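*Asks:* sequence below, structure please.
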Amino acid sequence: MTIDADARTLPGERVAHYDLLDRRDTDYYAVFADIPDADRAIWDTAKAFADEVGTRMQGEWDAATYPIDLVKRMGELELFTDGIEHPELPHTSPLAAGLVNMEISRHDGSLATALAVQGGLALRTLAFYGSPEQQQRWLKPLADGTVLGAFALTEPDHGSDSVSLETTATWVPSTGSGTGGWSLSGTKKWIGNGASGGITFVWARVDDEGGDDHGNVRCFLVEQDTPGYTGTVITGKVSLRGIHQAHIAMDDVRLPADAVLPGTHTFKDASVVLFATRSGVAWSALGHATACYEIARTYATERMQFGKPLAKFQMVQERLAQMLDELTAMQLYCRRLADLETSGGLRPTQASLAKYHNTRAARRVAAIARDLLGGNGILLENGVMQHMADIEAIHTYEGTESVQALLLGRDITGMSAFV
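*Replies:* Residues are numbered from 1 along each chain as shown. Alright, predicted model coming up:
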């Protein structure tokens with residue numbers, strides 16, 4: 001905290017500023033005490049990046065501007081590989097990828113979402129399903145951040161029911177000596193990096209009467225400067241304000257025959273990518289909750305009321321214990337999640353349970369922290385309100401709370417309750 005130099009002559013403001021954003025490395029159960037040195041080195045790189053950024057993202061968040069230079073910096077530091085196994089990419093274990101996600105989220109949710117979009121969604125889609133030629137051209141530029149990537153699945157009318165997507169990819173036969181190609185038409189919404197000048201992986205339903213994939217969902221690589229593609233930045237957000245998300249309109253976007261990712265044939269292929277990133281949301285929620293708890297704990301020890309620190313009041317200690325209880329459970333979920341993924345034994349519904357638990361818990365931790373800080377809790381400089389707002393976005397994306405509950409319910413009972 002910073003003591004007001006004029007406090008002797010101007011009573012009422014002994015503390016002019018609280019320094020609440022420093023990392024405290026809370027780990028009450030030593031959940032991360034035994035991680036391998038290679039994973040810790042990658043985690044340390046993420047910490048160093050967060051320290052390098054400092055408080056800049058508060059200003060970017062407040063102004064709703066997207067610092068693309070910081071996204072590219074994460075690429076330079078090889079933070080985008082997100083546990084993806086590919087011979088052309090640096091190896092990052094599921095645990096290291098989770099720790100990176102957690103650390104970036106502890107610092108700023110918008111950068112964490114950029115990390116998830118660039119690495120978890122776009123890079124993973126290309127690595128899993130792209131042709132050798134597509135990978136040769138785009139894999140390394142996506143990995144190092146020199147090209148921004150987007151993953152376009154959600155539509156204005158289809159969020160939780162994205163399996164019902166209406167964007168179409170119509171096969172256009174050759175009329176001359178060419179080989180034919182595709183025409184994409186439709187709209188997408190909430191697409192991170194979708195208006196940032198890079199490439200977009202568009203999931204669309206094939207319209208090709210007589211073709212093997214007619215009616216199926218496939219993925220297409222679209223360069224954003226292709227005629228007919230219009231990405232418009234969505235304004236008015238009160239969450240994740242430091243990353244641009246786009247409303248995309250595609251009106252007869254003409255693509256060559258080889259724009260389709262050959263490894264994609266059904267919606268289940270998109271689900272595989274989403275399943276992998278669902279684990280990342282659980283880690284992200286942990287990062288946000290860690291920040292909120294550490295801010296509240298620091299504030300409680302520094303803030304004086306009724307002649308003593310807040311931390312000396314029983315109610316405050318109980319609230320800190322409640323937050324630590326939630327936080328430790330979240331850490332245990334994430335560590336086990338990484339272990340299961342490393343062994344190849346992670347089931348999709350286990351990732352759903354981790355996401356379901358952790359985003360709900362992060363909401364509770366943020367609410368307690370905001371209340372504990374009193375009026376200071378709504379100031380951007382103190383961090384909690386920004387994390388609280390950003391948690392609302394991760395609570396929704398990659399499958400809402402209700403969708404995760406239905407996935408779990410179906411797994412538990414063997415009966416589907418989806419309409």
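*Asks:* quick one: low-confidence ranges for this protein?
*Replies:* 4-9, 175-178 (pLDDT under 70).
*Asks:* and the most centrally placed residue in it, what element?
*Replies:* Central residue of the chain (Cα atoms, centre = their mean): Thr113, 3.4 Å from the mean position. Following DSSP states H and E, one finds Thr113 within helix 109-115.
*Asks:* what about that helix, distance to the chain center?
*Replies:* Centre-to-centre, helix 109-115 and its host chain are 5 Å apart (Cα atoms, centre = their mean, to the nearest Å).
*Asks:* so which elements touch it?
*Replies:* helix 56-63, helix 68-76, helix 94-107, helix 267-302, helix 384-396 (3 or more Cβ pairs under 8 Å, 6 or more residues apart in numbering; DSSP states H and E). C-beta: built from backbone N, CA, C; applies to glycine.
*Asks:* Arg40 and Leu261: what is the separation?
*Replies:* 35 Å (Cβ to Cβ, to the nearest Å).
*Asks:* of those two, who's got more company?
*Replies:* Between Arg40 and Leu261, counted using other Cβ atoms under 10 Å, Leu261 has the larger neighbour count: 22 against 15.
*Asks:* from Asp371, how far out is that one?
*Replies:* Noted for Leu261: a distance of 47 Å to Asp371, by Cβ to Cβ.
*Asks:* how many residues are close by Asp251?
*Replies:* Neighbour count of Asp251, defined by other Cβ under 10 Å: 13.
*Asks:* same question for Ala405.
*Replies:* With neighbours defined by other Cβ under 10 Å, the count for Ala405 comes to 15.
*Asks:* now do the SS call for it.
*Replies:* Classification of Ala405 using DSSP: H, G, I helix; E, B strand; the rest coil returns helix.
*Asks:* for Met330, see how far away the closest residue to it other than its chain neighbours is.
*Replies:* What sits nearest to Ala405 in space, not counting adjacent residues and going by Cβ to Cβ, 6 or more residues apart in numbering, is Tyr356, at 6.5 Å. Distance of Tyr356 to Met330, computed by Cβ to Cβ: 12 Å.
*Asks:* and the helices in the protein?
*Replies:* Counting by DSSP state H, the chain has these helices, from start to end: 37-53, 56-63, 68-76, 94-107, 109-115, 124-129, 132-143, 267-302, 314-343, 348-372, 384-396, 401-413.
*Asks:* any chance of JSON lines for those, columns distance to Val419?
*Replies:* Formatted as JSON lines, these follow (distance: least, Cβ to Cβ, whole Å):
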{"stretch": "helix 37-53", "distance to Val419": "41"}
{"stretch": "helix 56-63", "distance to Val419": "37"}
{"stretch": "helix 68-76", "distance to Val419": "38"}
{"stretch": "helix 94-107", "distance to Val419": "32"}
{"stretch": "helix 109-115", "distance to Val419": "29"}
{"stretch": "helix 124-129", "distance to Val419": "28"}
{"stretch": "helix 132-143", "distance to Val419": "37"}
{"stretch": "helix 267-302", "distance to Val419": "17"}
{"stretch": "helix 314-343", "distance to Val419": "29"}
{"stretch": "helix 348-372", "distance to Val419": "18"}
{"stretch": "helix 384-396", "distance to Val419": "19"}
{"stretch": "helix 401-413", "distance to Val419": "10"}
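*Asks:* for Ile3, which residues make a bridge with it?
*Replies:* Judged by DSSP bridges, the bridge partners of Ile3 are Val15.
*Asks:* that one contacts Val15, doesn't it?
*Replies:* Yes - Ile3 lies in contact with Val15 (Cβ atoms under 8 Å); the separation is 6.3 Å.
*Asks:* so for these two, which sits in the more crowded spot?
*Replies:* More crowded of Ile3 and Val15, by other Cβ under 10 Å: Val15, with 14 against 11.
*Asks:* so what's the more buried one up against?
*Replies:* Contact analysis of Val15 by Cβ atoms under 8 Å, 6 or more residues apart in numbering lists 1-4, 302-304.
*Asks:* include distance to Gly54 when you put these into CSV, please.
*Replies:* Formatted as CSV, the contacts of Val15 follow (distance: Cβ to Cβ, whole Å):
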residue, distance to Gly54
Met1, 18
Thr2, 16
Ile3, 22
Asp4, 23
Glu302, 20
Arg303, 23
Met304, 27
